[in-house]
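[1] Let me see the structure of the following:
(2 chains)
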Amino acid sequence: MIEFHQVFKRYEGGHEALKGVSFGLPRGEMAFLTGHSGAGKSTLLKLIALMERPTRGQIILDDINISNVKDRQIPYHRRKIGMIFQDHRLLFDRTVYDNVALPLVIAGVSDRDIPKRVRAALDKVGLLTKERQLPIQLSGGEQQRVGIARAVVNKPPLLLADEPTGNLDPELSEDIMNLFAQFNQVGVSVLIASHDLGLIARMKHPVIALKEGRTIRNELAEVDFA
Amino acid sequence: MSATKSGTKKSSATSYRVSFRDRFRTALKLHKENSIQTLLDILRQPTNSLMTILVLAIALALPSAFYLFMTNAKAVSQSWDGGIKMALYLEDSTSDKQAQELLSQLNSRPEFKQVTFVSKDDALEEFKDYSGFGEALNYLDNNPMPYTITLEPTASFSEPSQLEALAQELSQLKQVDQAKLDSDWIKKYNSILTISEQIATFVSLMLALGVLLIVGNTIRLAILNRREEIQVIKLVGATDAFIRRPFLYAGFWYGTIAALLAALMVNIVFILLQQSTSHLAQLYSSEFSLLGLAPSFTLGLLVIGALLGLIGAWVSVRKHLKDINPQ
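    The predicted structure follows:
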């Protein structure tokens, strides 16, 4: 699903966030990305979502070399990826329902299908009864689940999560991780950046560890070729 | 794109793609929703938008008022054009008989509907009446006034250029000393009018530019206000067109509402002025009445307002949306 080939990323100002990262995430696999803050986890996820472009190296997503995706096509590229953030990134002036419906409205899904699919997504994250509420009325864990519902509502083949449990207590964190595992079981590829090593160990999924922009542990096959 | 190729082998678990028909329908629906929603937003928050709209309306009302003024000023000068008269002053040496001959000759020409002969004595009397020299003129040895023939052209010959040519022709006649048109001051009036028109055009263009800048700035603020929202919807795959649309509609509505208000303002001023001008026209025993904004002009004003709003928003959106990217 995702392949990194010797990917470098240097930010303006000279900071080198990634220094030659290579790995491959097979389709339908779920993996964790670990490392201290500043190790390059967020940069790696941003490169996949084309929020940043790599300085060097190739990234293949869904059989497409994403260096070839033009700026104009980025929105369509992002529709293939469900993204979840530590800070949820919800729209606080819209209801839970409207937040979850947003990707569908943007993609141009017909009016007739939207309610069905929004409710299916909310049902999966256990928030069906809260669709009329505003995000501010929900707890942190619930807000994160709204974010997850929004990420999965248009059934993307890939989920990326950046510290999805960062602000949650251990019990809620485990709930959220199990939710990701459920999506993975129906065929969605999942890559989660997290530094909650205890939780990751219990989940029994492959781990890629980054340190100062380099891979120090890679339980996924390293794909490396010319 | 190879995306379509890989689409065939994907399971039903992933279905982020949407048929063209649905996308098209949704686009239409979004246009409808965005246009209504932005209009409601503007109307619902009068404190935010009222100032902007008022400024825009004034900027649009001024050129309209100029235009109305020019139309009326031109109408006034046209009503005078028909009234131009020509005077022929004959040579001193002309005898009574020669003058009478010329008179009958002119009478037979089709250009004039009325030809009046003013004898030397009549001319002197008239001069005495309105020059104020009065009795002083009695001390003159002989009458210095020339024979005068006043000519009133028919309607089909009252174009200033035709009269000009006619005066030229008549001044060549043997007994004619000078042929004078009393249109000089109309010419002056018209050239002042032309200058005013140029100034008004220039000022109107500046005001149109002002409208563009005001709408652009308002939209810029709206974009900055919704910065985070824009970042979020970019993250979930919104195209620039999707993000742009509500802002363009906002610009469109600003322009349109302001133009409506401008038309209203000008019409109110018009109604207020109508009474005083008709009073003035009465004093001059003229039948002139003030011309209002033509429906076609009002329509044009709306179109121009909407276009200026749209262009201002477009420029602003182009400049500022680019800078907002998800972090």
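[2] just checking, residue B:325 touches residue B:231?
    Yes: using C-beta atoms under 8 Å, residue B:325 is in contact with residue B:231, at 7.2 Å. Just so you know, the C-beta spots here come from the backbone N, C-alpha and C atoms, and that holds for glycine as well.
[3] pLDDT averaged over stretch B:99-113 - what is it?
    For stretch B:99-113, the mean pLDDT works out to 82.
[4] can you check stretch A:153-167 too?
    The model assigns stretch A:153-167 a mean pLDDT of 90.
[5] Give the buried residues for it.
    Buried residues in stretch A:153-167, counted by 16 or more other C-beta atoms under 10 Å in any protein chain shown: A:153-166.
[6] That stretch: end-to-end distance?
    23 Å (C-alpha to C-alpha, to the nearest Å).
[7] How far does that stretch sit from its chain's centre?
    4 Å (C-alpha atoms, centre = their mean, to the nearest Å).
[8] Helix or strand with the lowest mean pLDDT in the chain?
    You didn't pick a chain, so chain A it is. strand A:214-218 (a mean of 86; mean pLDDT, DSSP states H and E).
[9] Please see if the lengthiest helix in chain B touches chain A.
    The longest helix of chain B (DSSP state H) is helix B:240-283. Yes: remark: helix B:240-283 sits within contact range of chain A at B:240, B:242, by C-beta under 8 Å from any C-beta of the partner chain.
[10] Which elements pack onto the following helix or strand past that helix?
    Next in sequence after helix B:240-283, counting helices and strands by DSSP states H and E, comes helix B:295-321. Secondary-structure packing of helix B:295-321 (3 or more C-beta pairs under 8 Å, 6 or more residues apart in numbering or on different chains; DSSP states H and E): helix B:46-81, helix B:184-225, helix B:240-283.
[11] how about a cut-off of 6 Å?
    Packed against helix B:295-321 by the contact rule (3 or more C-beta pairs under 6 Å, 6 or more residues apart in numbering or on different chains; DSSP states H and E) you find helix B:184-225, helix B:240-283.
[12] what would those helices look like in JSON lines with mean pLDDT and mean neighbour count?
    Putting the helices and strands packed on helix B:295-321 into JSON lines (pLDDT from 0 to 100; neighbours: other C-beta atoms under 10 Å in any protein chain shown) gives the following:
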{"stretch": "helix B:184-225", "mean pLDDT": "90", "mean neighbour count": "16"}
{"stretch": "helix B:240-283", "mean pLDDT": "89", "mean neighbour count": "18"}
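[13] Now for whichever residue of the stretch 151-300 of chain B sits closest to chain A: which residues touch it?
    Closest to chain A within the stretch 151-300 of chain B is residue B:237: 3.8 Å, counting by C-beta to the nearest C-beta. Counting by C-beta atoms under 6 Å, 6 or more residues apart in numbering or on different chains, residue B:237 touches A:75, A:78-79, A:106.
[14] among those, who's most crowded?
    Ranked by the number of neighbours (other C-beta atoms under 10 Å in any protein chain shown), those place residue A:78 first, at 25 neighbours.
[15] near chain B, which residues of chain A?
    Residues of chain A lying close to chain B (C-beta under 6 Å from any C-beta of the partner chain) are A:51, A:62-64, A:75, A:78-80, A:83, A:89, A:91, A:102-103, A:106-110, A:154-157, A:186-187.
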